[in-house]
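[1] What would the 3D arrangement of this be:
(4 chains)
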Protein chains: 2
Amino acid sequence: MLTIGQLAAYAGVTVRAVRHYHQIGLLPEPERDASGYRRYGVTAVVSLIKIRTLADAGVPLSQISRMLEADASAFAEAIRTIDDHLRDEIQRLETSRRHIAQLTAGDTLALPPEVAAYLDRLRSIGASQRMVEAERDGWILVAARWPDRIVEWMPGKIAHLDDPQVVRLYRVLSEIFDGDEEDDPRLAEAADIMACLAEQAYAAGEVLHAEEVDDDLPHDLIDALAIESDPRVRRLRELMRERGWSGWNRMERLPKPPPD
Amino acid sequence: MLTIGQLAAYAGVTVRAVRHYHQIGLLPEPERDASGYRRYGVTAVVSLIKIRTLADAGVPLSQISRMLEADASAFAEAIRTIDDHLRDEIQRLETSRRHIAQLTAGDTLALPPEVAAYLDRLRSIGASQRMVEAERDGWILVAARWPDRIVEWMPGKIAHLDDPQVVRLYRVLSEIFDGDEEDDPRLAEAADIMACLAEQAYAAGEVLHAEEVDDDLPHDLIDALAIESDPRVRRLRELMRERGWSGWNRMERLPKPPPD
DNA sequence: CTTGACCTTGACGCTGCGTCAACCCTCCAT
DNA sequence: ATGGAGGGTTGACGCAGCGTCAAGGTCAAG
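    Residues are numbered from 1 along each chain as shown, chains lettered A, B, ... in the order given. Prediction:
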């Protein structure tokens, strides 16, 4: 007659595990001796070894009792099911590994490398750290909504940065937002450039029409993000409105210039 | 301002997950509106997306906040650690898959194929189902203790089954244990054969010496197993004792024939 | 006014045990 | 006889990451 410790040692498991198997009814509780100790016969050893064999192979404890009673075909079927689960789990983890290999701190987190390249380019033309971070967060919002299309958009965006007007715009905006003047006169200059760029884009037919995008939320969020990160964006929007454009990131020509 | 449902939908997670992140302090609790609803700003969206990006890559939630604040080198280090864990986990599961592929119902469970072959051979020479199952359980005990050495022992064991005496022995034992006679006369015949075989083995120097095996427990268990599966084994042991042999599975010549 | 879709907190469930806590039993050396 | 080490006993919480009720309060629309 064996004690629980001897049984566990023989089968290569912990005492706690054996008690757990009792609790869930996987291994029957044995008789107790006079002092209340569990006393095991050899059949318990054999059962426990079988249980561990299946458990080590990845069979969930809840299915082991069924499998020990199953006939060959039911057993094989159960094995297939479990193997499928294992395969799925391995795939999941391997996907995780591939993802994690792509991760870097800072700009590239939650963004495809194309966008990271765009942000690097932004920095190199003189955009401030704050500016780049704000852009990054905006693109994170876009990437979450259109993870595939964003990659198509980036080449155009990057090319756009060759335009001296755009460079000037980002520099001016950087200066404005790095300063703390409530009503910086350069806001007007920025608005002028943006209106001019919008005009060019409109002339080239590049302004998005409402139907092309199924969902306004990302743009609204980016708006909110910009305002949250610096309230002077609100003033910038007003200035754009005066110049006949509705927004600040997704521009639309206002139906009528408001009489002032 | 977004509700929790809108926030969750945008980031592609469940509402429950967002609340969980609040609970563990991963995502800060936002302000509440007049009715007690949580109201989220855009920064929460960006944070949540970053959190999901890391979580989807297999980063444990408990480490995500640290990683979001880490510099590039600490981040990379953390990534390595997590990747190592993922690799280990994948290996574990792949090991499980290899194990599970080997599993079959019945005889081969918890036994190497060599032993299964031995058991098949046993059946083919006329051993009864009960007999084979008892042998199987015994070998399970042995395999648990000496998983490597058992494979070396099997060829000899299988060859042993070519001996007509052994065949006769198993048939007689099968008949005895399939019947229900308390004191079957064939027990004596079985004992005679076993004694004879023991004599041959002893002469060939094949009897194990006590020092060769570091551990008696498996043999003791097999003894107990046999007695548990059929009490008449006890009688068989007595008969062996009368013939000058100590045991029934691991035999030793008794020091002196007891004067009767 | 009702209905249905959201929101709130609180709590248990899952998987397979690890790890106290607080106490009892046995055996061995002194 | 005694004391301590090394067993055993039940009971309970903890872990990871949420899913899933329960039992409500709120909001927008018909």
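
[2] ok, is the helix or strand bottoming out on mean pLDDT in chain A in contact with chain B or not?
    Of all helical and strand segments in chain A, the minimum by mean pLDDT, DSSP states H and E falls on helix A:217-229, at a mean of 85. Yes. Contact between helix A:217-229 and chain B, assessed by CB under 8 Å from any CB of the partner chain, occurs at A:Leu217, A:Leu221, A:Ile222, A:Ala224, A:Leu225, A:Glu228. C-beta coordinates here come from the backbone N, C-alpha and C atoms, glycine included.

[3] Just checking that helix against DNA strand C, any contact.
    No. Contact between helix A:217-229 and DNA strand C is absent, the nearest approach being 14.0 Å (criterion: CB under 7 Å from any atom of the strand).

[4] got the residues of the stretch 51-200 of chain A near DNA strand C?
    Residues of the stretch 51-200 of chain A lying close to DNA strand C (CB under 7 Å from any atom of the strand) are A:Ala55, A:Pro60, A:Leu61, A:Ser62.

[5] Tell me which residues are up against stretch A:114-122.
    A:107-108, A:111, A:131-132, A:135-136, A:139, A:143, A:150-151, A:154-155, A:157-158, A:161, A:170 (CB atoms under 8 Å, 6 or more residues apart in numbering or on different chains).

[6] Just the buried ones out of these, please.
    Neighbour-count burial (16 or more other CB atoms under 10 Å in any protein chain shown) is assigned, among the contacts of stretch A:114-122, to A:107-108, A:111, A:131-132, A:135-136, A:139, A:143, A:150, A:154, A:157-158, A:170.

[7] for chain A, which residue is closest to the average position?
    By CA atoms, centre = their mean, the mean C-alpha position of chain A lies nearest to A:Ala110, the distance being 6.0 Å.

[8] Can you tell me the closest non-neighbouring residue to that residue?
    Take A:Ala110 and drop its neighbours on the chain: the residue closest to it by CB to CB, 6 or more residues apart in numbering or on different chains is B:Thr53, 4.1 Å away.

[9] Now do the same contact list for A:Asp192.
    Taking CB under 8 Å, 6+ apart as the test, what A:Asp192 contacts is A:Arg243.

[10] now do 10 Å
    Taking CB atoms under 10 Å, 6 or more residues apart in numbering or on different chains, we find A:Asp192 in contact with A:Gln165, A:Leu169, A:Val172, A:Leu239, A:Met240, A:Arg243.

[11] ok, now A:Thr3?
    Going by CB under 10 Å, 6+ apart, A:Thr3 touches A:Ala9, A:Val15, A:Asp33, A:Tyr37, A:Arg38, A:Arg39, A:Tyr40.

[12] Hmm, A:Tyr21 and the fifth one touching each other?
    Put plainly, it is A:Arg38. No. Counting by CB atoms under 10 Å, A:Arg38 stays clear of A:Tyr21, with 11.9 Å between them.

[13] what residues do the two have in common as contacts?
    Common contact partners of A:Arg38 and A:Tyr21 (CB under 10 Å, 6+ apart): A:Glu29.

[14] Those two: which is more packed in?
    Between A:Arg38 and A:Tyr21, counting by other CB atoms under 10 Å in any protein chain shown, A:Tyr21 is the more crowded of the two (22 against 19).

[15] host element of the more buried one?
    helix A:15-23 (DSSP states H and E).

[16] Make TSV out of the residues of helix A:217-229 next to chain B and add neighbour count.
    Supplementary listing: the residues of helix A:217-229 next to chain B in TSV, determined by neighbours: other CB atoms under 10 Å in any protein chain shown:
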residue	neighbour count
A:Leu217	16
A:Leu221	23
A:Ile222	23
A:Ala224	18
A:Leu225	22
A:Glu228	15
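
[17] ok, of these, which one's closest to DNA strand C?
    A:Leu217 (14.0 Å; CB to the nearest atom of the strand).

[18] Give me the spatial nearest neighbour of A:Trp245, chain neighbours excluded.
    Among residues not flanking A:Trp245 along the chain, A:Met251 sits closest, at 4.7 Å (CB to CB, 6+ apart).

[19] returning to that earlier point: need the buried ones among the contacts of stretch A:114-122 in a markdown table with secondary structure, can you?
    Putting the buried ones among the contacts of stretch A:114-122 into a markdown table (DSSP: H, G, I helix; E, B strand; the rest coil) gives the following:
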| residue | secondary structure |
| --- | --- |
| A:Asp107 | helix |
| A:Thr108 | helix |
| A:Leu111 | coil |
| A:Met131 | helix |
| A:Val132 | helix |
| A:Glu135 | helix |
| A:Arg136 | helix |
| A:Trp139 | helix |
| A:Ala143 | helix |
| A:Ile150 | helix |
| A:Met154 | helix |
| A:Lys157 | helix |
| A:Ile158 | helix |
| A:Tyr170 | helix |
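
[20] how is chain A carved up into domains?
    As assigned by automatic domain parsing, chain A contains the domains A:4-102, A:106-242.

[21] Hmm, A:Gly244 and A:Ser194 touching each other?
    One correction, residue A:194 is Met, not Ser. No. At 11.4 Å, A:Met194 does not count as touching A:Gly244 under the criterion of CB under 10 Å.

[22] which residues are common contacts for these two?
    The contact sets of A:Met194 and A:Gly244 overlap at A:Met251 (CB under 10 Å, 6+ apart).

[23] Neighbour count: the two, which is higher?
    Set side by side, A:Met194 and A:Gly244 show more neighbours around A:Met194, with 22 against 17, by other CB under 10 Å.

[24] The one helix or strand the residue nearest to A:Ala110 maps to versus helix A:217-229: what angle between them?
    Taking DSSP H and E as the definition, B:Thr53 sits inside helix B:42-56. Interaxial angle of helix B:42-56 relative to helix A:217-229 (axes from the mean of the first three to the mean of the last three CA atoms, to 10 degrees): 120 degrees.

[25] Can I get helix B:42-56 in CSV, CA atoms only?
    Below are the C-alpha coordinates for helix B:42-56, written out as CSV (Å, rounded to 0.1, in the frame of the first residue of the first chain):
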residue,chain,number,x,y,z
VAL,B,42,-9.1,60.0,-28.5
THR,B,43,-6.0,59.4,-26.6
ALA,B,44,-7.8,56.4,-25.0
VAL,B,45,-8.3,55.0,-28.5
VAL,B,46,-4.7,55.3,-29.4
SER,B,47,-3.6,53.8,-26.1
LEU,B,48,-6.0,50.9,-26.5
ILE,B,49,-4.8,50.2,-30.0
LYS,B,50,-1.2,50.1,-28.8
ILE,B,51,-2.2,47.8,-26.0
ARG,B,52,-3.9,45.4,-28.4
THR,B,53,-1.0,45.5,-30.7
LEU,B,54,1.3,44.3,-28.0
ALA,B,55,-1.2,41.9,-26.6
ASP,B,56,-1.9,40.4,-30.0
